[in-house]
Every structure is written in structure tokens, then in C-alpha cells.
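Colleague: coords below, sequence missing:
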């Protein structure tokens, strides 16, 4: 699978794989795709440097990228404690009630809640970039709007292309005007934060909106047939995130969560504000049901919801409390039915793509 | 575009066009596609016979079909008046308030409210079929589940294939078990009644669920590129409904509604229960906003909502009250930007498909 973009970036296949796990990102790159490591969980700069060292040692000189979460507008002078104080008591009580109903134990003594909103703050993203710019990354992706102009300029100075996710043609035009090089059109069916427009409609809309900038199709893509569909829609590549969660290299740290992913059907996800305060697709669980319930208080806006539920989610994950256990994942979870190596998954993608091309050629009378 | 299904049905292109307008359905068939006439608006059998006579005279012996709305389970012995009596006064007051807020005049004297729930009732659908089975239709599609077994048997006796819409793999398996010949996988982005699963994911899920039955991809398809995508996903054809609403042959009877469709973007639809009580994608209007409002009473279940709002919708349409004026339509409304003949639209579809195939072949290194 070769497009102008994949040729420019020097990858064999126009398949971009987003993952929070270095072993997965490196394996995607080694398989001939473009691995993109999600940085949001690295709140200590030392950890990111360690994993980027590991990536450099395990990618055979092939290209890979980094995905950060950086708001274009800086929130000045607000501490986490000040944001914390904005959370209503009723919401805290509701979290406590859900946890009590499901007998969720506290975290073991000395074990801190992992994720805080700090990972979503510009300072943290900037410290991640200070580290990352010392490494030979070829792409910097931003999941939360366009990065600030100085970050785009720094990336361009180093020959790093900048990508940003868009859920609508309007977002996409905003990215283009900000100087972004690649737009990832993320459809409704994708895992994580999504808009309302499905990939089938969004991809050509975004291609038309930012032409001639290259567009990656994201959302609902987990087979070679779906890759062919995304490319037929005018994308210069595809962006896959969910599919890697059940690979052997993924470090989910919860067998029960992996089992839930393997068992889930395409209707078992929900676009809910339960996790971050913004609509994000994830496994439907007793947790998302509680936040979407008509008689509940409903989720708080971002970033309050993320802060409110951070410790609860750590406890749920730490103790693998099955009914509440979830993760961001797209509707393709219905096709994620076995645990295999990244290489085996990638081989299926390229084989499926070739078969889809054969099929389309037969239909077009060109076989 | 030739698939096993299009060859069996004797059409040049595996493009199925659903429309409530005979002139559009006939033009789709003449252009080399498969026109499917929606029957739900024909409450008097004479009208349907008149329009099927017209279709027979304007399709040059080429194949076409009929789409009915027939529930698999019969609601015995309930009259429309009895259903009326189940509507709460608060909901009637709310309808009156919305109409008053927008100064919607009553219907002119002697003019009856057009659409009633009768069109959704089995008796009416059966009387439509008694008419239709005398005509050389080649396909009978049902928008509301599998038709009753005797209807499927009557169709098969006459060599008519039976299709049914499905929003999930579970629906699709149910159709297969009921003896349906063709499953239309209708994705989230489609106009009218839809489920939550997007076309990109739903199509291959349904193909796998009912293999070897042929599947049509529906939802989000309005260009040749999108047709190529739907076929790459394993469909044996595509099912397009929204696209024809802005053709020259369509009889929308409201210039303001046509103008709204031409101006709308992909984010200007909403999946709302405002129209029938079941989630149906339509233009977002002050009407859908009123029914989705947190401080409103919310829609009633089907069939109550349809009955509740029938006269109001007739008044809104009759007087073209712009803020409230809407129609079922899919997210591809964003690409419906000019009024052209069905033939011109169809030519664009086939040209766009060929270009998409060229593109995929270049990407696959086969050009």
C-alpha cells in the first residue's frame, strides 16, 4: 500500500498504528507500517526518554511518531488543586456510591492513582516534547486540536511532520490554517474522542476541505477490506488504534479486560462523557451506564470529569472489577476476537487489502 | 459495476436507489441501476396502482422494486382511535406550543392531514401488496423487520426477491432465518431509521453474519468513491436513498426544504425520535431540538409519536415554516449541493467509482 504520503515518510504501507505501548508501536513500524506512540500516560519525563530509547533500539532505523495531547490555548495559572475544588460534592458522592455498589476496594497502601489531568496539560506536553525532539521521530500527532504555533515551528525545523485529529470539516480547515501537515479524519465509530460524523462521510468531506493536504481515515478500520474502503474514500493512509489492544505485545495489565475486548460485539461500545467529560467511544460498562443514567448527576465537563474519576478508574483497573472495567475502543471491537502478534495482525491487513482490491477489480470488470 | 446479485437481477450497475417518487425510481432504473419505490405514502390502493402503471410504462422493461413497511408481528384489533387515546394531554399541549411559537397556520379548510400511522399498519401494507403482486416487480423490500412468512412465500412464488433492512448483525441473522434473500445493512449515518453501528463496521459484520446471502451497504453512500468503499467492505451492491431527494425528478413540493437540503453540511442531521418514536436520522430543525430538549416531555414510543405529530408535520410542510421544516436524510446531505437530473447524478456515481478503482489500483501497485 503506497501513497504519496507513505512514500514521503519512507514506510512500506500507508498504515498508521496508534498505541500507548512502545512494544506495539515498534512492532507496527517493523512490520512496514508507521507506529505512533501515545505519550499521554508519561507524566514523568524520564519514563518517556526510557521508552523512546527503547523504540530507537527496536525499530531498525524505520520511521515512527509520537502522539501528544496539547491544547492550542493555554490555561494560565490554574493548579490541579484549584480545578479539583470546582467539583461538586454530589458528584463525589455519586462516584463513591458506584464504587460501593460494586464493592471496589481502595488502592493498596502506597500505590498512587496513576492518571491525573496533568497529562492533559500544556506544561506536561511541552516537557514531553523537550524530550521527544531529541529523538528521531518523524511525526508529531496531536489529539486535542492544533498544537500551538511555536510547537509546529519547532517540529518543522527538525523535519518532523505534524498531524492533528479532526471530527468535522470545520476542525480540519482550522488545522490546515494552523499549518498542520496531515489531518487525521476521526469518524464517529472510532475509539476515544469522536464527533458525530461517520468515517464513510467524514473522510471525503475532510479530503475536500483541506485539499491538497494528505488525510488519514480513522474510525471503523480493523481489516484489510476496511483499509481499502478508507483509501477508496480519498485518504492517503489509514489510522488504526483499537485493533492493537488485543495483540500479544499490548500491555493491558488486565486479563479480564482483554477477555471483555475479545468477547465484545460491534454494539458493545458507547460514545459517553463518563471518562473525560467529552464524548469518547469506549466499552459500554456499568460505569458508563451509571454516568449516562437519567437519574444520575451526569458527567462534568472536561477537565473536571477526568479529575473526578481518575482515582476510581485506577481502583477499578487495579482490582479488575469486571462490571465496571472498560477502555476506549472503537466499534471494530466486534472483529477483535483473538490474541495475536502485531506481525500476524499486520499480515492479515495486507492480505485482506489485496483481496479487497481483487474483488473491486472483478466488480469493475477489470479482473 | 457488476456483482453476482446485479447479474442475477439483470441490472447494469449494483446500485439500488430507494425513493418515494415514481419519476425518480424509474429514472434510476433507466440509468442502469435498480429503482425501488417506497410505498408507505400510498394509503389508497388506487394511487399505488396508478403509479405502478406509470412505472411499468417508463422503465423500458428493466427491473425495479417496491419498499413496504410491514411489521412481522401483527397488532390485532387495535384501531387508530384507540391508539390516539393513549397519547397524554401534556404531549398534545407541547405540540400546540411548538406550533404556536412558530406561528404555524392550520391546514386550509377541507385539506386533510396527509400521513397517518395507517401507512405503517399491516392491513395497509397487505392491501399495497395485493396491488403490487399484479405488477412485474423484481424485489420487495421491507423497512421494518422481516415480512410475515406468507408474504415471503407469495413473493417467492412470483419470483420476487425479498430484502429487509438490518442495523445490526443480530437483526441480519433474524432476517436470514426468516427466509429473506437480501439484507440491506443500514449504517448509523443513513437517513431514516438507523441503529448505532456505522456502515464501515456494519457492512462486513452483516456480510459475515449472513454469508452466503448477498448484502447491500446503506448509509453514507452518495458518491462513486463511497460506492467503491461499500463494495470493498464485501457488499454485493449499495443502497442509496438520500441522494435522490435533490434531483430534478424529486417531488418534494417545498422549495424551502430543497434549499435547506442543498445548504446543509454533514453535521446538520440528527438521529432523533421526534418523527416516529424510533431513532431516525433527519435534518436537525427547531422541531427536532424541541423533542430532544432536556426540559421538554421527550418523544413518545412508536407508533404514538407518529400519530401525535402527523397533523403538525402536515401543517409545517404545507406552510413551509422554515425553522421547523425537515425530512429524513443521511449525513451525505453535505455533498448534495446542486439540483441535477437522476441521470446526471448516476453518471457521476459511475465515473467516481471508476476513478476510485484507478486510485486503489495505483495504491496497490497494480496501475
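Modeller: Yep, that arrived. Please read these numbers as outputs of a predicted model, since none were measured by experiment.

Colleague: Every contact and neighbour count from this point should use C-alpha atoms.
Modeller: Will do.

Colleague: got the contact list for residue A:67?
Modeller: Residues near residue A:67 by C-alpha atoms under 8 Å, 6 or more residues apart in numbering or on different chains: A:18, A:36-40, A:140-143.

Colleague: Quick check: nearest residue in space to whatever residue of the stretch 151-300 of chain A ends up closest to chain B, chain neighbours excluded?
Modeller: As assessed by C-alpha to the nearest C-alpha, chain B sits closest to residue A:229 within the stretch 151-300 of chain A, at 3.9 Å. With sequence-adjacent residues excluded and distances taken as C-alpha to C-alpha, 6 or more residues apart in numbering or on different chains, residue A:229 is closest to residue B:229, at 3.9 Å.

Colleague: And the pLDDT at that neighbour?
Modeller: What the model reports as pLDDT for residue B:229 is 98.

Colleague: Assumed it was part of a helix.
Modeller: Yes: assignment of residue B:229 by DSSP: H, G, I helix; E, B strand; the rest coil places it within a helix.

Colleague: Pull the contacting residues for it.
Modeller: Residue B:229 neighbours (C-alpha under 8 Å, 6+ apart): A:200, A:226, A:228-230, A:232-233.

Colleague: Can I get the residues you listed in TSV including distance to residue A:99?
Modeller: Output for the contacts of residue B:229, formatted as TSV (distance: C-alpha to C-alpha, whole Å):
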residue	distance to residue A:99
A:200	39
A:226	39
A:228	44
A:229	42
A:230	41
A:232	46
A:233	44
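
Colleague: Out of those, which is nearest to residue B:187?
Modeller: residue A:200 (9.8 Å; C-alpha to C-alpha).

Colleague: Please name the residues that touch the closest residue to that closest one other than its chain neighbours.
Modeller: Nearest residue to residue A:200, sequence neighbours excluded (C-alpha to C-alpha, 6+ apart): residue B:220, at 5.7 Å. Counting by C-alpha under 8 Å, 6+ apart, residue B:220 touches A:198, A:200-201, B:187, B:189-190, B:199, B:226, B:330-332.

Colleague: Tell me the residues on the stretch 201-350 of chain A that lie near chain B, please.
Modeller: With C-alpha under 8 Å from any C-alpha of the partner chain as the criterion, the stretch 201-350 of chain A meets chain B at residues A:201-202, A:205, A:220-221, A:225-226, A:228-234, A:266-267, A:331-332, A:334.

Colleague: Let's see that with 10 Å instead.
Modeller: Proximity of the stretch 201-350 of chain A to chain B, by C-alpha under 10 Å from any C-alpha of the partner chain, involves residues A:201-205, A:219-234, A:236-237, A:265-271, A:330-335, A:350.

Colleague: The helix or strand hosting residue A:209 - contacts with which helices or strands?
Modeller: Element membership of residue A:209, judged by DSSP states H and E, is helix A:199-210. Contact analysis of helix A:199-210 by 3 or more C-alpha pairs under 10 Å, 6 or more residues apart in numbering or on different chains; DSSP states H and E lists helix A:169-178, strand A:182-186, strand A:215-218, helix A:224-232, helix B:199-210, helix B:224-232 as its packing neighbours.

Colleague: Reformat those as JSON lines; add distance to residue A:241.
Modeller: Listed next are these as JSON lines, based on distance: least, C-alpha to C-alpha, whole Å:
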{"stretch": "helix A:169-178", "distance to residue A:241": "20"}
{"stretch": "strand A:182-186", "distance to residue A:241": "11"}
{"stretch": "strand A:215-218", "distance to residue A:241": "8"}
{"stretch": "helix A:224-232", "distance to residue A:241": "13"}
{"stretch": "helix B:199-210", "distance to residue A:241": "15"}
{"stretch": "helix B:224-232", "distance to residue A:241": "20"}
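
Colleague: elements contacting the helix or strand of chain A with the lowest mean pLDDT?
Modeller: Counting by mean pLDDT, DSSP states H and E, chain A has its least confident helix or strand at helix A:80-84, which shows a mean of 79. Helix A:80-84 is packed against helix A:304-318, with contacts defined by 3+ C-alpha pairs under 10 Å, 6+ apart.

Colleague: what's the following helix or strand after the helix it packs on?
Modeller: helix A:342-363.

Colleague: Determine the set of other helices and strands touching that next one.
Modeller: strand A:15-19, helix A:22-30, helix A:224-232, helix B:224-232, helix B:342-363.

Colleague: Try it again at 6 Å.
Modeller: Judged by 3 or more C-alpha pairs under 6 Å, 6 or more residues apart in numbering or on different chains; DSSP states H and E, helix A:342-363 is in contact with helix A:224-232.

Colleague: in the helix it packs on, what counts as buried?
Modeller: A:224-232 (16 or more other C-alpha atoms under 10 Å in any protein chain shown).

Colleague: What angle do strand A:15-19 and it make with each other?
Modeller: Calculated by axes from the mean of the first three to the mean of the last three C-alpha atoms, to 10 degrees, helix A:224-232 forms an angle of 110 degrees with strand A:15-19.

Colleague: Could you point out which of the contacts of residue B:220 is nearest to residue B:242?
Modeller: residue B:330 (6.0 Å).

Colleague: wait, doesn't residue A:237 sit right on residue A:12?
Modeller: No: contact criterion C-alpha atoms under 6 Å: residue A:237 and residue A:12 do not qualify, at 11.4 Å.

Colleague: from the middle of its chain, how far away would the helix holding residue A:209 be?
Modeller: Distance of helix A:199-210 from its chain centroid, counting by C-alpha atoms, centre = their mean, to the nearest Å, is 19 Å.

Colleague: what does it contact?
Modeller: Residues external to helix A:199-210 that are found in contact with it (C-alpha atoms under 6 Å, 6 or more residues apart in numbering or on different chains): A:169, A:173, A:185, A:187, A:217, A:233, B:220.

Colleague: Throw the contacts of residue A:67 into JSON lines and include neighbour count, pLDDT and secondary structure, thanks.
Modeller: As requested, these are arranged in JSON lines below (neighbours: other C-alpha atoms under 10 Å in any protein chain shown; pLDDT from 0 to 100; DSSP: H, G, I helix; E, B strand; the rest coil):
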{"residue": "A:18", "neighbour count": "24", "pLDDT": "98", "secondary structure": "strand"}
{"residue": "A:36", "neighbour count": "31", "pLDDT": "98", "secondary structure": "strand"}
{"residue": "A:37", "neighbour count": "26", "pLDDT": "97", "secondary structure": "strand"}
{"residue": "A:38", "neighbour count": "21", "pLDDT": "95", "secondary structure": "strand"}
{"residue": "A:39", "neighbour count": "21", "pLDDT": "89", "secondary structure": "coil"}
{"residue": "A:40", "neighbour count": "23", "pLDDT": "82", "secondary structure": "coil"}
{"residue": "A:140", "neighbour count": "27", "pLDDT": "96", "secondary structure": "strand"}
{"residue": "A:141", "neighbour count": "28", "pLDDT": "96", "secondary structure": "strand"}
{"residue": "A:142", "neighbour count": "23", "pLDDT": "90", "secondary structure": "strand"}
{"residue": "A:143", "neighbour count": "20", "pLDDT": "80", "secondary structure": "coil"}
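
Colleague: Could you single out the nearest of those to residue A:110?
Modeller: Distances from residue A:110 to the contacts of residue A:67, taken by C-alpha to C-alpha, are shortest for residue A:40, at 22.9 Å.

Colleague: where's the closest one relative to chain B, distance?
Modeller: From residue A:40 across to chain B, the span is 28 Å (C-alpha to the nearest C-alpha, to the nearest Å).

Colleague: so where is the stretch 201-350 of chain A shaky, pLDDT-wise?
Modeller: The stretch 201-350 of chain A contains no residues with pLDDT under 70.

Colleague: ok so, going back, please identify which two of the contacts of helix A:199-210 are farthest apart in space.
Modeller: Between any two of the contacts of helix A:199-210 (C-alpha to C-alpha), the greatest distance is 21.4 Å, for A:173 and B:220.

Colleague: re earlier: I'd like to know which of the helices and strands packed on helix A:199-210 is closest to residue A:297.
Modeller: strand A:182-186 (29.0 Å).

Colleague: Many thanks, I have nothing further to ask.
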